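A.B. asks: here's a sequence, model it:
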Amino acid sequence: MEKSKIREFGGFLPIDSSFQPFYKENTFQQILELNLARNAIIEAFRDSNWDTLWLPIYTCKSVFDAVKKAGIKYRSYNIKENFLPDIKHLPENHGILITNYYGIFDEKRYEQFLELYSNIIFDNTQSFYQRPVRKKHVYNVYSPRKFFGVTDGAYLICERFNYSHAYKKDYSFNRAEYLFQSTEKGTNAVYDNYLKAENELSESAPLEMSELTKSLLGRIDYESVQRKRNHNFSILAKKLSRYNGLSISINSVSPMVYPLLIDTPKKNFRKYLVENKLYIPQWWKWVLDNPQSNSFEKKLSQHLYPLPIDQRYNEEDMKCMIEIVVGGLENG
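C.D. replies: Here you go, the predicted structure:
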């Protein structure tokens, strides 16, 4: 027997995987387990044999950068105020990337997309629990690290891939230190280490998901996490909807955040939130400087506050957050 193929016996115990991953082969069609969602988008396009990929202007710049680097022919499109693409028709050999923003789309919205377009990559990075669409020429991309404590990982799911895929394995142990540190020190204390790991990951080519990430994902109680997130979301929606410039469906499978859009901007509101230890990112600021952006996209970039609803928090935490947000909006 070759030395490299001999199984190791004994030694210390590694991280154990006690559960099963949420997405697995034979349950959700064909699956590729990759290292990054943007790489999953690239691989979906390569598998599709489309000529051109349409990208939403309102998205993370890293998606555009990755597509450019991969040499993919692309065009960009605007979204309307109902989040539908501002495109009436696509050529037959063109595909479109459609993002489930904040994870707030319901099944009816997906049906709308499928009626409008034939060749779709659904970007479900902000909607991990959204059931993949099983249809020819449709791909589904997921990013577990936006919902769970892992450093990397992505799923690419479709009805049937057109060619055989083989990737080198990713190794994430050198990026995972901040995760273990945050358990004892908190996330803010190791934020610089997190950014360092993110920068390293951003340069990665398409690779197979690391075994460490697979092991961590195998330990998650997915149903419990979904219940907690949905409960937290409903608490915020009930109290903050009257301040929100977005009309949000309550039938979403499971949002990533509660997206609060402030139509009437409050001076120093972000500073006020930070002073009250409510750290809310400003997503996709590059949209503000893009001459192709429309007024709605710029408003989202500048005045959208993605409030956290994840499984770290309970009902009391949501009430505390509401008190801070309402205080800043009514007294600011």
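A.B. asks: now do the most centrally placed residue in the chain, the pLDDT please.
C.D. replies: For the chain, the residue nearest the mean C-alpha position is T125 (2.6 Å; Cα atoms, centre = their mean). At T125 the predicted local confidence, pLDDT, stands at 97.
A.B. asks: what's the closest non-adjacent residue to it?
C.D. replies: S143 (3.8 Å; Cβ to Cβ, 6 or more residues apart in numbering). Yep, even glycine has a C-beta here, placed from its N, CA and C like the rest.
A.B. asks: same check, this time on P132
C.D. replies: N140 (3.8 Å).
A.B. asks: after the helix or strand containing that neighbour comes which helix or strand?
C.D. replies: N140 belongs to strand 138-142 when assigned by DSSP states H and E. Note on strand 138-142: by DSSP H and E, the next helix or strand toward the C-terminus is strand 154-158.
A.B. asks: could you give the angle of that next one to strand 138-142?
C.D. replies: Counting by axes from the mean of the first three to the mean of the last three Cα atoms, to 10 degrees, strand 154-158 points 160 degrees away from the direction of strand 138-142.
A.B. asks: and the residue nearest to the centre of the chain, what element?
C.D. replies: Going by DSSP H and E, T125 is not part of any helix or strand.
A.B. asks: residues touching it, list them.
C.D. replies: By Cβ atoms under 8 Å, 6 or more residues apart in numbering, T125 lies in contact with A37, T99, V141, Y142, S143, K146, A154.
A.B. asks: which one of those residues sits closest to L278?
C.D. replies: K146 (19.1 Å; Cβ to Cβ).
A.B. asks: count the neighbours of that closest one for me.
C.D. replies: The number of residues packed near K146 is 19, by other Cβ atoms under 10 Å.
A.B. asks: cool, and the one 5 residues further on?
C.D. replies: The burial metric for T151, expressed as a neighbour count using other Cβ under 10 Å, is 24.
A.B. asks: which neighbouring elements make contact with the lengthiest helix in the chain?
C.D. replies: In the chain, with assignment by DSSP state H, the single longest helix is helix 222-240. If contacts are counted by 3 or more Cβ pairs under 8 Å, 6 or more residues apart in numbering; DSSP states H and E, helix 222-240 sits against strand 257-261, helix 315-331.
A.B. asks: pick the most buried one from the ones you listed.
C.D. replies: Ranked by mean neighbour count, the helices and strands packed on helix 222-240 are led by strand 257-261 with a mean of 22 (mean count of other Cβ atoms under 10 Å).
A.B. asks: immediately after that one, which helix or strand?
C.D. replies: helix 269-275.
A.B. asks: ok and the helix or strand that comes right after that next one relative to strand 257-261, angle-wise?
C.D. replies: Using DSSP H and E, the next helix or strand after helix 269-275 towards the C-terminus is helix 295-303. Counting by the same axes, to 10 degrees, helix 295-303 lies at 110 degrees to strand 257-261.
A.B. asks: show the pLDDT at E2.
C.D. replies: Model confidence at E2 (pLDDT) stands at 53.
A.B. asks: err, P21, not the other one
C.D. replies: Looking at P21, the pLDDT reads 80.
A.B. asks: got it, and the one 10 residues further on?
C.D. replies: At I31, the pLDDT value in this model is 93.
A.B. asks: quick check, it in a helix?
C.D. replies: No. Looking at I31 with DSSP: H, G, I helix; E, B strand; the rest coil, it is strand, so not inside a helix.
A.B. asks: what count of nearby residues applies to it?
C.D. replies: I31, neighbours per other Cβ under 10 Å, totals 20.
A.B. asks: check the one 4 residues further on too.
C.D. replies: Burial of N35, expressed as a neighbour count using other Cβ under 10 Å, amounts to 27.
A.B. asks: these two touch, right, it and L201?
C.D. replies: Yes. Between N35 and L201 there is a contact under Cβ atoms under 8 Å: 7.5 Å.
A.B. asks: what's the nearest residue to D310 if we skip its chain neighbours?
C.D. replies: Nearest non-adjacent residue to D310, counting by Cβ to Cβ, 6+ apart: R229, 6.2 Å away.
A.B. asks: separation between the one you found and M321?
C.D. replies: 14 Å (Cβ to Cβ, to the nearest Å).
A.B. asks: picking up where we left off before, which residues do N35 and L201 both contact?
C.D. replies: D152.
A.B. asks: give me the low-pLDDT residue ranges for the protein?
C.D. replies: The model of the chain has pLDDT under 70 over residues 1-9, 11-19, 25-29, 332.
A.B. asks: so the closest residue to N162 other than its chain neighbours: helix, strand or coil?
C.D. replies: Leaving aside its sequence neighbours, N162 sits nearest to D47 (Cβ to Cβ, 6+ apart; 5.2 Å). For D47, the assignment made with three-state DSSP gives helix.
A.B. asks: quick check: D47 touching H137?
C.D. replies: No. Counting by Cβ under 8 Å, D47 stays clear of H137, with 10.4 Å between them.
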